[in-house]
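A.B. asks: quick one, what's the 3D model for this:
(one chain, ligands or ions: 1)
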Amino acid sequence: MRRKIAILISGRGSNMLSLLDLQQQADFPAEISLVLSNRPDAKGLLGASKAGVQTAIVDHKEFSDREAFDQAMNSVLEAHGVNLVVLAGFMRILSPWFVESWQGRLINIHPSLLPLFRGIDTHRRALDAGVRIHGCTVHYVVPELDAGPIIAQAAVPVLPDDTEESLSARVLAQEHLLYPQALRMICNDAVSLQGGRAVYHPAQKWSSANDTLLSPVLV
Ligand code: GRF
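C.D. replies: You can find the predicted model right below:
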């Protein structure tokens, strides 16, 4: 199945741009057809337009409650024929109704090695905890925040003189490699959600040049 993808953002959209680069690869078997923001001033909207991708704004401030906002967003996604939703710095908690409607077709990237440091301020909390390894996780979204089945992870060292800024930059560089690889695998049907876990189908051909980041999860 050739998927139609929407990327949901709230801010600068650097992960979104790394995902849009997939469209330059002739063998990417999907189409990123929409970038949707809940904030009209999200910087990433400009980047999406420059890349020639259609954009939409569903401003959460215009809705009385979370579910009304999610329903409006759902209508836009359906109108564009979207069948895979990719959260990339989307800073709204989604209602259980929305998450369940998109089960197995809704993914997120989180800037920590889950299940450590769910929620916000992950780099600050990693430094405070004194961990020596930190990183990022791509996961399926479930109603509980940052608790969904893990698809892929990338790790970075925490260095003695790290600040929140230096550590977040090191993690972000890995996010920009990991998320496109994970999305490509999903679109190649090399991984799917089965029985509450991300299950790999090793018989599928991988076509990424940088598979080493992901190989430890292929057990
Ligand atoms: C990233 O660190 C991502 O892991 C988190 O939000 C941040 C978004 O950054 N969910 P960007 O908008 O993709 O630059």
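A.B. asks: the closest residue to the ligand within the chain: neighbour count?
C.D. replies: Residue nearest to the ligand within the chain (Cβ to the nearest ligand atom): Gly89, separated by 2.7 Å. (Each C-beta comes from the backbone N, C-alpha and C, glycine too.) Using other Cβ atoms under 10 Å, Gly89 is surrounded by 21 other residues.
A.B. asks: quick check: phi and psi at it.
C.D. replies: phi 70, psi 40 (degrees, to the nearest 10).
A.B. asks: could you find the closest non-adjacent residue to it?
C.D. replies: Once flanking residues are discounted, Gly89 sits nearest to Gly11: 5.0 Å by Cβ to Cβ, 6 or more residues apart in numbering.
A.B. asks: tell me the SS of that neighbour?
C.D. replies: Following DSSP: H, G, I helix; E, B strand; the rest coil, Gly11 is assigned to coil.
A.B. asks: so it is in contact with Arg92, correct?
C.D. replies: No. Using Cβ atoms under 8 Å, Gly11 is not in contact with Arg92; the gap is 11.6 Å.
A.B. asks: so which bits of the lengthiest helix in the chain are buried?
C.D. replies: When the chain is parsed with DSSP state H, its longest helix is helix 164-187. For helix 164-187, the neighbour count (16 or more other Cβ atoms under 10 Å) marks 167-168, 170-172, 174-187 as buried.
A.B. asks: same deal with stretch 189-198?
C.D. replies: Quick answer for stretch 189-198 (16+ other Cβ under 10 Å): Ala190, Val191, Ser192, Leu193, Ala198.
A.B. asks: which strands and helices sit next to the helix or strand harbouring the fourth one?
C.D. replies: I take that to be Leu193. According to DSSP states H and E, Leu193 maps onto strand 191-194. Contact analysis of strand 191-194 by 3 or more Cβ pairs under 8 Å, 6 or more residues apart in numbering; DSSP states H and E lists helix 164-187, strand 197-200 as its packing neighbours.
A.B. asks: so can I have a markdown table of those showing distance to Leu77?
C.D. replies: As requested, the helices and strands packed on strand 191-194 are exported to a markdown table (distance: least, Cβ to Cβ, whole Å):
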| stretch | distance to Leu77 |
| --- | --- |
| helix 164-187 | 17 |
| strand 197-200 | 22 |
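A.B. asks: Gln71 belongs to a helix?
C.D. replies: Yes. Residue state for Gln71 (three-state DSSP) corresponds to a helix.
A.B. asks: need the contact list for the residue nearest to Tyr179 when sequence neighbours are not counted.
C.D. replies: Once flanking residues are discounted, Tyr179 sits nearest to Ile109: 5.1 Å by Cβ to Cβ, 6+ apart. Contact partners of Ile109, counting by Cβ atoms under 8 Å, 6 or more residues apart in numbering, are Asn15, Leu87, Ala88, Cys136, Thr137, Val138, Glu175, Leu178, Tyr179.
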